[in-house]
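using only what follows, build the 3D model:
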Amino acid sequence: MAIKDIFLPLVGEPDAVAIAAIDKCVAVAGDLGARVSAVAVEESIPVRPTVMISNDLDNTAAVEALRSVSDARGLLKAFDDAAIRFGVRKEQTLIRPVAEDIPEHFAVCARIRDLSIVPVKTNDDRSEKIVERLIFESGRPILMCPEELAADLPVAFDDVVIAWDHTAPAARAVADALPILQSATNVRIITATDDKTTAEMVSGAALVSHLAEHGIKATFETVSIDGSSVGKVFEAYVIANAMDILVMGAYRHSRLNEIMWGGATKTIIGQPPCWVMMSH
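Residues are numbered from 1 along each chain as shown. Coordinates of the predicted model:
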């Protein structure tokens, strides 16, 4: 199934990094030929500094300090500008939910879209909560855009790596990513292991064969964990091979276990090394 209907959740402030991420997310939607529905959250700012406003000074900073809500309209303006520039069909909505309801609201919105593209801040608690709720409750795949890397991220996904472990989440991620895999130039499948068991090798070869039935030429290899974490292994592979996007299943182990002890999903959500497409 082609990706034609995308959900874009927007929170925070329209600073330069956030605007660059919005711009890149919309550009990707344009490359996919998809419509984008953006939902921006206007949040109350709990602490307002006391400022003195002088009639004879430039009061821009003072007025900004006195705002009682986040600049959701600024986020939507950045989205609107990008949609016009890239010729993307769009919808946009401003909402004012209480803070704890934001992730759930986004998950509900995402259920009737093909994909959520999510700007993600590095090691940010709110970003992680939004991503996790979308993973578990939207029933749809997500595509994470690391905000700090957004300016340098590609628009087209020519070089794709699939993190494969023969689990149900990984299988779901591959199925959800088929439209992206079919348009890629280079598709690699990797299994992080120190054992290279027969089962792992057979599984990797079987996935290569399965993708070939969809017109996708892929290669398979194993990568050593060698005392590292699986998430860090994926990160190192992406960087060393200049991959455009990582496709992976989310939470092979229990979510609580990953939160307490760490895991590949938790590591990648906290700091995506490139575009990352996840499914569960």
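
give me the next element, helix or strand, following the helix or strand of the chain with the lowest mean pLDDT.
In the chain, no helix or strand scores lower on mean pLDDT, DSSP states H and E than helix 255-261, which sits at a mean of 45. Downstream of helix 255-261, the first helix or strand assigned by DSSP states H and E is helix 264-270.

so which residues make contact with the helix or strand just after that following helix?
Downstream of helix 264-270, the first helix or strand assigned by DSSP H and E is strand 275-279. For strand 275-279, the surrounding residues in contact (C-beta atoms under 8 Å, 6 or more residues apart in numbering) are 28, 131, 135, 141-146, 153-154, 157, 169, 172-173, 175-177, 180, 244-250, 265, 268-269. Placement of C-beta: from N, CA and C, glycine included.

for stretch 184-204, same thing?
Counting by C-beta under 8 Å, 6+ apart, residues outside stretch 184-204 touching it are 157-166, 181, 207-208, 211, 216-226, 230, 233-234, 237, 241, 243, 264.

among those residues, which are in strands?
Among the contacts of stretch 184-204, the ones falling in strands (DSSP state E) are 159-163, 218-223.

and those residues, which two are furthest apart?
D159 and T222 (18.8 Å; C-beta to C-beta).

burial count for the closest residue to A236 other than its chain neighbours?
Leaving out its chain neighbours, the residue that sits closest to A236 by C-beta to C-beta, 6 or more residues apart in numbering is S228, at 7.7 Å. If you count neighbours by other C-beta atoms under 10 Å, S228 ends up with 14.

how much space is there between S228 and I190?
S228 sits 14 Å away from I190, going by C-beta to C-beta, to the nearest Å.

next: A240.
From A240 to I190 the distance is 11 Å (C-beta to C-beta).

show me where this structure dips below the pLDDT cut-off.
46-67, 252-262 (pLDDT under 70).

where along it do the helices fall?
16-32, 60-66, 72-86, 102-110, 125-137, 168-176, 178-183, 198-212, 230-240, 255-261, 264-270 (DSSP state H).

quick one, which of the ones you listed is nearest to L94?
Judged by C-beta to C-beta, the one of the helices of the chain that comes nearest to L94 is helix 72-86, at 5.3 Å.

what's that closest one packed up against?
On a contact count with 3 or more C-beta pairs under 8 Å, 6 or more residues apart in numbering; DSSP states H and E, helix 72-86 meets strand 5-10, helix 16-32, strand 35-41, strand 90-95.

now render these as TSV, adding distance to A107.
Listed next are the helices and strands packed on helix 72-86 as TSV, based on distance: least, C-beta to C-beta, whole Å:
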stretch	distance to A107
strand 5-10	9
helix 16-32	18
strand 35-41	11
strand 90-95	13
